[in-house]
Every structure is written in C-alpha cells, then in structure tokens.
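Asker: structure of the sequence below:
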Amino acid sequence: MGAVFDMDGVLIDTEKLYVRFWKQSAADFGYNMTDEHVFGIRSLARKFANVKLKNMFGEEFPYAEVREHRTELMDEYIAEYGIETKKGLFEMLGYLRENGIKIAVATATPKERAVKRLEEIGALRYIDAVVGGDMVQNGKPEPDIYLMAASELGLPPENCAAFEDSPNGIKAAYSAGCHTVMIPDLTPPDEEIMPMLSAVYESLDKATAFFEDRRC
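Answerer: Residues are numbered from 1 along each chain as shown. Okay, here's the model as predicted:
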C-alpha cells in the first residue's frame, strides 16, 4: 500500500500563514479578504482560484499580483521564523518506513518549492516521490495530481491512502479512487465531504491506526 500526503496543513503548519498573508496581500491592494474567502481556495489550482476570487471580488481583482505578493510576504516570514511541522509528522513517516509503505507528497505547491520545504523540515529523506501542482494539467480538485502520485509510487490509486485537510484536496483524492483520510486543520469535515472519507483523525500520529486496521 502507499501513502500520499498533501503538504500544507497536513505535513507542515502553513495553512494559517496562507490565511494571514492572503488577507494582508489583498489588503495591500485595497481588498477586504476574510478567512472564509481564503478557506474557499485552499489547495485549489491557480486557474480555479483565479476564477473563484474574481467571482468574489470582481473581474478587476489582480489575482496574479496579489498571489505573488502573498508569496513574498510568506517567504519573508518563513525565512525569519522557520516552518512548524504538524503534530505526529515524524511518528507517521517513521511508521510508514518501518512497515515498507511507500510515501508520496501531492501538493498544489510547485515541485521545486515543495522539495525545498520538505528538505528544510528534514522530511524529504522519507519520501519516495513529490508531485507538485506545476506537474499536472489540472490541479485540485481534479484528480490528476493523485493519479500521478500513485503512478510515481508504482501503485494503483485504490491501493493508496490520501491524507488531506481541505475539501478541495479531499475531492481530488476521492475522484482519483484513493482511500481518503482527513486530518482536519482549519476546518472540520462538512456534510458534503463526509461521504468521501474513509477515516478522520485529529493528528498524523493517530492516523497510523488506518494502516494497523488493514493489517488485522
């Protein structure tokens, strides 16, 4: 079996930073972006996020410029303060390695940036494949990124567990045919995504139970 992880909000505690700096960047351009606006584009591919934000704020919303400024603000913060990992990260990665379970990361973040982040936290050495949002034609919530991640591991999607924290990521993993596991971060599962979930755990160390249950 394989394990495929979203990165932001599942492996690293950066979703709160995305919320903070999307709002700050938008404000710098004169737009009042709320938490709910940011929640709506979590893990969403750029082309979809662009459309969604223009629907919210109007066609004149400068998506590319706001996104670039958000990236700069966030990079400056991380350069000064570092990256926090999510609870149970290394317990989970160690467990998977010890049990011969292949590991991939499937993230909306471009691959080069994702690899850098994973290396910075010391997790890259555990991971067999990294698939970034710039490697697929259709990003989340489309299934492409999970299909590619499973292929990179040499496994069919139905033999992979996908770990996600956002509705858009869950929809992508579910559409790909993966066993979809939610590790809630900023928002709990809602009525729309509950039927898509194989399991919900409060943290990664608790989620090792998903594999233990399948060994019984």
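Asker: could I get the contacting residues of Y77?
Answerer: 17, 21 (Cβ atoms under 8 Å, 6 or more residues apart in numbering). Where C-beta positions appear, they are placed from N, C-alpha and C, glycine not excepted.
Asker: that one should be in a helix, yeah?
Answerer: Yes. Y77 forms part of a helix when assessed by DSSP: H, G, I helix; E, B strand; the rest coil.
Asker: could you check how far the closest residue to D205 other than its chain neighbours is from M196?
Answerer: Once flanking residues are discounted, D205 sits nearest to G88: 2.9 Å by Cβ to Cβ, 6 or more residues apart in numbering. G88 sits 23 Å away from M196, going by Cβ to Cβ, to the nearest Å.
Asker: A79 now?
Answerer: 37 Å.
Asker: the two: which is more packed in?
Answerer: Taking other Cβ atoms under 10 Å, A79 and M196 do not tie; M196 has more neighbours (16 against 8).
Asker: these two touch, right, that one and T180?
Answerer: Yes. In this structure M196 lies within contact range of T180 using Cβ atoms under 8 Å: 5.5 Å.
Asker: now the helices for the chain?
Answerer: Remark: helices assigned in the chain by DSSP state H are 15-28, 35-39, 46-57, 63-81, 89-98, 111-120, 144-153, 167-176, 204-213.
Asker: the residue nearest to V136 when sequence neighbours are not counted: what's it in contact with?
Answerer: Nearest residue to V136 in three dimensions, chain neighbours excluded: D144, at 4.0 Å (Cβ to Cβ, 6+ apart). Contacts for D144 (Cβ under 8 Å, 6+ apart) come out as 136-138, 172.
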